[in-house]
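Participant: Dropping a prediction and its sequence here:
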Amino acid sequence: VNTYSYTFSDRSGIVKSPISKKDSQLPPNCFFKETILLGHCTYFEKEDIPGVVNRLRQFFTENSTYHIVNRNCNHFTEVFATALIFAERFADDNFKGSLDSYPSYVNRLAKTGTIVINHGNVCNVTKEAKVGAGVEGKVGWDFPSEKTITNAGYGKTSCPKNDKKKGKVLTEKQKLALAKLKRKT
């Protein structure tokens, strides 16, 4: 994503590193098999990506959440890609958000193992991707009009206050999302 790779491990949690150094992080005798384009991120800007990663940290932390079967590095990549690719489509409550481009062989053994070994913290790709995208719990994608809102426990976000003379000031992202909603109705 934007010349960086993001990984998740039991020792480090989520780690960001330049793509140029990806080979230096591999264990001995390992190599990359292929690069697969999963889709395009059209909703988020480059500077929004750290926010997505930070919201995903509640599910993917070092030592406490990693599980080889129920929550591993492949679960992280699927959740992260789903959050980036489908963020704007999550406004539709009926949309389930499944990456058809994500190869089924990548996590097949872990998903099969979940049937046998379930420690109760199984990755829910769609739900966790919605949280990562910052859209979990938004109803109809209402845009705030208050001076300051709480962003689902992730700190405060400044929002333009309504000015009765000028009307509500919307960002470009908000205008695009609102236009999409209007087309649905």
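Facilitator: Thanks, I have it. Numbering: from 1, shown residues only.

Participant: so how far is Tyr105 from the residue nearest the centre of the chain?
Facilitator: In the chain, the residue lying closest to the centroid (C-alpha atoms, centre = their mean) is Ala83, at 3.1 Å. To Tyr105, Ala83 is 22 Å away according to C-beta to C-beta, to the nearest Å. (Glycine included, C-beta is placed from N, CA and C.)

Participant: go on, Asp93?
Facilitator: Taken as C-beta to C-beta, the span from Asp93 to Tyr105 is 31 Å.

Participant: Likewise for His75?
Facilitator: 15 Å.

Participant: more neighbours, the two?
Facilitator: His75 (26 against 6; other C-beta atoms under 10 Å).

Participant: Just to be sure, the more buried one is in a helix?
Facilitator: Yes: counting by DSSP: H, G, I helix; E, B strand; the rest coil, His75 is located in a helix.

Participant: tell me the secondary structure for Phe8?
Facilitator: strand.

Participant: and it, how many residues sit next to it?
Facilitator: Count around Phe8 with other C-beta under 10 Å applied: 25.

Participant: show me what contacts it?
Facilitator: For Phe8, the contacting residues are 14-15, 60, 66, 72-73, 75-77, by C-beta atoms under 8 Å, 6 or more residues apart in numbering.

Participant: Let me see the ranges of the helices in the chain.
Facilitator: Taking DSSP state H to define them, one finds helices in the chain at 49-56, 73-86, 108-116, 125-133, 172-184.
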